[in-house]
Structure formats: C-alpha cells, structure tokens
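Participant: can you look at this prediction? I've put the sequence above it.
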Amino acid sequence: MSDVEQRIEQWRKALGTSDAFGTSDLDELESHLREEMERLQPLGLSGTEAFLVAQHRLGAPATLEAEYEKVNTDRRALLHLSWMAAGALVYILAGHVAVGISHGGMLAALPLRVGPAALAWIGVATTAVAAAALLLIVWACVRRCSWSRLTGRWRTLSWPWLVGLLGGLVVLDCLALGFEFLFRTAAIRCVSIEEYSRMWLIWSYANLGWIILAPILVALLALVLRTRADRYRPEAQP
Amino acid sequence: MPISKDLIAASATPLILSILAEGDSYGYAIIKRVRDLSGGKMAWTDGMLYPVLHRLQKQGLVESYVDASQTGRQRKYYRLKKEGTRALAEHRSQWMVVHNTLQQLWEARPCLT
C-alpha cells in the first residue's frame, strides 16, 4: 500500500473512532477527499501534498464530528441502545455459563465421593477458574489495542452485522439456558434432593458474589484499557 | 473579501436547493459550483456540506441514491423532491425581500465608503 493510501486509511480510521460517523458518511467523505486530490495532483502537487490540502479543505476532524453528531442523533441513540442490549445479553449469557460450568465441575468431581458442601465448593472453584481463564484470554486479545481502537472497530460495525450480533447473542443465551437445565437435571439425578438443596445454597451465595464481582472486573478491564497510553490510535492530523 | 460564517450558514440551504433544482448532483460538484459561481469568495469548509445535505434529506426536501461515476467510483447523488421545490420557492421569496430591502437602502445612499 502506498504512503498516500496509508494516510487516507489512517484519516478514515481516525474519523471512524467516533460514533458520529456512519459507514456511508465515511464513504462519502473519502470519495470527496479523493476527488479533491485528483483535481489537485494535475496542478503539480504530489500525492501527499494533495492529500494534506484536501484533508484541510474537508475540515478538522473535531469540527466535522460536532456537525455530524447534530445530524446523526437518532442513529447514535439506536447504536447506544443496541450496545446496551448486547451488554445485557452478554451478562445474562455469562450467568447461564457460570451455572453450567459450576454444575459441570461438580459432576466431574462426583467420583471423588466427597460431601455436598465440598462438591458445591468444587463447582464454585471451577467457575472462578473458568472466569479467570476467560479474563486472561480477553486480556491477551485486547492488551495491544487501545480503547479508542477497540471501540472504533465496534462502532463502525454496520447495521446488518450489529443485528446479527444481537441475534447471535440471543441464540447463545437460549443454548446456554438449555445446557444449564441439562446440567441441573443431571446433578439432581446424581445426588439426592437434600444434598442438592445444600449445594444450591452455597452456589446461590457464590452466584451472588459472581453477580457483583463480574461487572466490577469488566469495568476494571475497561478502565485499564482506557487509561493506557493511546499509542495505537491513528493520527488525525499527520 | 471573505463572506462571514453566519451569512454562509444562512445561505447554505437555498444555495444547495437551487443547485439541485438544476439537476441531480453530489457533494463535491455542489461545492465546486458554489465556488465557481461566487468566484471563490464563498469558502465553505467542504466537510460541512454533508451534514446540511443529510439534514435536508431528513426534512424530506431531498433524496439520495448511489450511482457509479465515470471513473467507476461510487457516488452518493442528491435529488430535489417536490417538498424541496416548494421550500426553495419559499426561501427565494424570503431572500428577495431581503435583497430588495437592502437594494433600496443602498440605492438611496450609494457611497458608503
């Protein structure tokens, strides 16, 4: 990719980190930028010079963002609502998966022939290990990304993809609920109902801790990412 | 003689509607036409045109469609709707009132400087 193309891509990415711009807005602005560059280059400007002039004529990213924000209020509100729904669905999914994993851990520990309290704690420990592993995987995936880069990537997701994501999360929620019921049924069949009641009491308290701890951990992860140096953010004004 | 930002902002809608009344057009061509007609005195910040166009589209005055240019690049074209033609007539009558008023005042005192 040539230097000019890289600059155009960086400029577009920098604008794309704001949810004020939709994909069609960015396409339209990029098309304008390229047409202006095509007009300037025959006048004797190099590709880079033409890019800089055309970019300047289009306006400062902050000014453009402020104007587009005024126009795209409905789109932004719908986008925020969609991401809130996605967050709620992920939270519900995490709850079902946590119960499923704790029951799975407990079922796997049945051959150890320990008491119901120990089985319950094994289930809780399995969930904690799985949650820690998940957090580590997420961290490994996103640690090289800055907050703006991450959010920019998701913000520019087109509507069909966003609807697909929400639909996929609903399907995953249903599947996780199904697996949770399966594991619960299996656990009740493997131990007596009294033992299961005792285990359920411990799980309930552990689950309460999970309900409180999970959003705190996610918020901490987001905070760490957000406060990190924004070194991977593409420059808006090269 | 640069035109003030307020005047540029106020004249943006009637200018865009008037250009679209001549035929379908796209952002870059609209800006070029304004620049040519004003002899470069109306210096729009290019990117500011699009939010205005999108606002006019929301108001139902213009509609857009995507078509390929001669170079093969996809362009978003804007077309004036019936409501846009009516709005343009309204803008025109308002601007003519302003124009006539100023003209009468300035004809009475032609030498201000």
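Facilitator: That came through, no problem. Numbers count the residues shown, from 1 in each chain, chains lettered A, B, ... in the order given.

Participant: output the set of residues of chain A in proximity to chain B.
Facilitator: Proximity of chain A to chain B is confined to A:24-25, A:27-29, A:31-32, A:34-36, A:57-59, A:63-64, A:67-68, A:70-72 under the rule Cβ under 8 Å from any Cβ of the partner chain. The C-beta positions use only the backbone N, C-alpha and C, and glycine is treated the same way.

Participant: okay, and which of those residues map to strands?
Facilitator: When those are checked against strands using DSSP state E, none is located there.

Participant: can you tell me which of the residues you listed are buried?
Facilitator: A:25, A:27-29, A:31-32, A:34-36, A:57-59, A:64, A:67-68, A:71-72 (16 or more other Cβ atoms under 10 Å in any protein chain shown).

Participant: ranges for the strands of chain A?
Facilitator: With DSSP E as the criterion, chain A has no strands.

Participant: any idea whether residue B:65 is helix, strand or coil?
Facilitator: For residue B:65, the secondary-structure state derived from DSSP: H, G, I helix; E, B strand; the rest coil is strand.

Participant: any idea which helix or strand of chain A has the worst average confidence?
Facilitator: Among the helical and strand segments of chain A, the one scoring lowest on mean pLDDT, DSSP states H and E is helix A:147-155, with a mean of 65.

Participant: any stretches of chain A with poor pLDDT?
Facilitator: By pLDDT under 70, the low-scoring segments of chain A are A:1, A:144-158, A:228-238.

Participant: could you chop chain A up by domain?
Facilitator: Here the domain assignment for chain A is A:3-71, A:73-227, based on automatic domain parsing.

Participant: CSV for those, including distance to residue B:21?
Facilitator: CSV is the format used below for these (distance: least, Cβ to Cβ, whole Å):
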stretch, distance to residue B:21
domain A:3-71, 21
domain A:73-227, 28
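
Participant: among these, which is the most enclosed?
Facilitator: Using mean count of other Cβ atoms under 10 Å in any protein chain shown, the stretch among these with the largest mean neighbour count is domain A:3-71, at a mean of 18.

Participant: how far off centre is that one?
Facilitator: In terms of Cα atoms, centre = their mean, to the nearest Å, the centre of domain A:3-71 is set 27 Å apart from its chain centre.

Participant: start and end of it, how far apart?
Facilitator: Distance across domain A:3-71, first residue to last, is 33 Å (Cα to Cα, to the nearest Å).

Participant: and stretch A:57-77, how far from the chain's centre?
Facilitator: Stretch A:57-77 has its C-alpha centroid displaced from the chain centroid by 24 Å (Cα atoms, centre = their mean).
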